[in-house]
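Undergrad: what follows is a predicted protein model with its sequence.
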Amino acid sequence: MKTYHIVKCGLILIFILILSTGTASAFNIYDEEIYKGDGYQINNYFIEVFNIISHEDSRLLTINMYQLKSDGTYEELDVKRETNVNNKLTKHKYQSDIVEIIVMEKNCTSTYATVDITTSGIKVVYNQPVKGGLSSAKFIGEPSLLLTKEVDKTNVEIGDTIRVTIKAKNVGSGPAKGITIDHGITPGFTFKSAIYTTYPEELAAGNPDYTQMYIYEMEAAQSGTVTLTPAIATYYCSTYDSEYSSNSNSPVVTVAQEAVETSVLELTVTPHKTELQRGNKVTFTVSLRNIKDIPATTVRLDMIYPYNLTYESGCEDIKIIDNKPVIQKSIYEARYEDEYDYTFLANEVGIYNITAKVSYNDGANNIINETTSDMIYVTEGKYDFLKEYPLYVYIIPIIIIAAIAGWIFWRRNQFKM
């Protein structure tokens, strides 16, 4: 007797599970009025009231079904039609291995049909009546996440911390939902902490910008050149149960076996004077000093200055490259210091400064350092007031004076005669 009750309870449980499974995948619409030429879209399936033919007191309803494609095309589905002899109502049915769509005619006039729509095997997330028929239907697309993994530094020492940022954007044709991120810890590194983990679970298609998804820090534990394990994003399409995944790129990080000592170049720019008149020259002295015991290599010193200043001359180390003064040195020794003079002509009244930019390799990385001089003030020149009037204001009096002097000289010669 006890066994009988156990079996009975088990059968009831199985029956409930079957019912719940069917309910989860079923989708029903009742008494939907669809006019001739219009339709109804369920995910990427489209039901169209293609035609209604009137004959005496009866109506012949033609229902077509299509599956929309991502490239804008569609596939017409094989629809079976079954007519009830008594009430002359028609059932339109599409059946595949998984999906079933049934459109049951309930009432039909010369302009519209009232139907019940039932489905199974579809996880419906989009359903909408569509005016204009198949030409107005829109494909509900599939997602495709582009995942990137970035590090804040690529050359470190053992014990250093690296910050890793994971970003994503959806380059597909439909939204990505239910996104999860596996950041992918790399052997040779120890996970320290998660900085940012509140990434969105859904990304819409069409946004050209990357979305920040995950930031974490890890510590270098072993030396060597290491290719980081890619991050993996798992996500779903909005209209299908299919699971998708995308892998990020794999940055390369070099972990030095021992502490790496690097060179550091310090830079200053000093004008010899801060006030001068237009048309005069001003000299700037650039001091460049290596404050470390490691030489710097591939050193280049550039000057950035406004067009109102014209480079005139400088020290012998300066070469003109692309009409600009440049100093290049293959090596800048440890603790070495030197000064370089640049002379400029002030062409216009105004307030100006110049910037010195040094680029070099410090033994581990390529470095760029800039510094800017104090302001110099260029005022009007000694004879700038003459520029306030047109040239003829000065020329005409000179011509008149010259003419008078010439006439006097001529008359004087006449009297001598």
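TA: Here it is on my side, so go on.
Undergrad: what separates the closest residue to T262 other than its chain neighbours from M303, distance-wise?
TA: Nearest non-adjacent residue to T262, counting by Cβ to Cβ, 6 or more residues apart in numbering: D362, 3.9 Å away. To be clear about C-beta, it is placed using only N, CA and C from the backbone, and glycine gets the same treatment. Applying Cβ to Cβ, to the nearest Å, the value for D362 to M303 is 22 Å.
Undergrad: those two: which has the busier surroundings?
TA: Using other Cβ atoms under 10 Å, the more surrounded residue of D362 and M303 is M303, with 23 against 19.
Undergrad: distance-wise, check that one relative to T262.
TA: Distance, M303 to T262, using Cβ to Cβ: 25 Å.
Undergrad: same check on L146?
TA: 35 Å.
Undergrad: got it, and F284?
TA: 28 Å.
Undergrad: which of those two has more residues huddled nearby?
TA: A side-by-side neighbour count of F284 and T262, using other Cβ under 10 Å, places F284 first with 23 against 14.
Undergrad: wait, what's in contact with the more buried one?
TA: Under the criterion of Cβ atoms under 8 Å, 6 or more residues apart in numbering, the neighbours of F284 are V269, T270, P271, H272, M303, D341, Y342, T343, F344, I354, S373.
Undergrad: would you agree I47 is in contact with I117?
TA: Yes: if you go by Cβ atoms under 8 Å, I47 and I117 touch, sitting 6.7 Å apart.
Undergrad: the contacts of F284: which two are farthest apart?
TA: Largest separation among those by Cβ to Cβ: H272 and M303, giving 15.1 Å.
Undergrad: can you show me the helices along this structure?
TA: Assigned by DSSP state H, the helices in the chain fall at 2-25, 391-416.
Undergrad: which of the ones you listed has the lowest mean pLDDT?
TA: Lowest mean pLDDT within the helices of the chain: helix 2-25, a mean of 42.
Undergrad: distance of Y332 relative to I291?
TA: Distance of Y332 to I291, given as Cβ to Cβ: 11 Å.
Undergrad: higher neighbour count, those two?
TA: Y332 (21 against 12).
Undergrad: the more buried one reaches L267, doesn't it?
TA: No: in this structure Y332 lies outside contact range of L267 using Cβ under 8 Å: 11.6 Å.
Undergrad: got any residues that touch both of these two?
TA: L288.
Undergrad: quick one: contacts for P230?
TA: By Cβ under 8 Å, 6+ apart, the contact list for P230 reads L147, K149, G184, N247, S248, N249, S250.
Undergrad: which ones are touching the spatially closest residue to the second one that is not a sequence neighbour?
TA: Distance criterion Cβ to Cβ, 6+ apart; nearest residue to K149, sequence neighbours excluded, is S248 at 4.1 Å. S248 is in contact with L147, T148, K149, I166, G184, P230, A231, I232, A233, counting by Cβ under 8 Å, 6+ apart.
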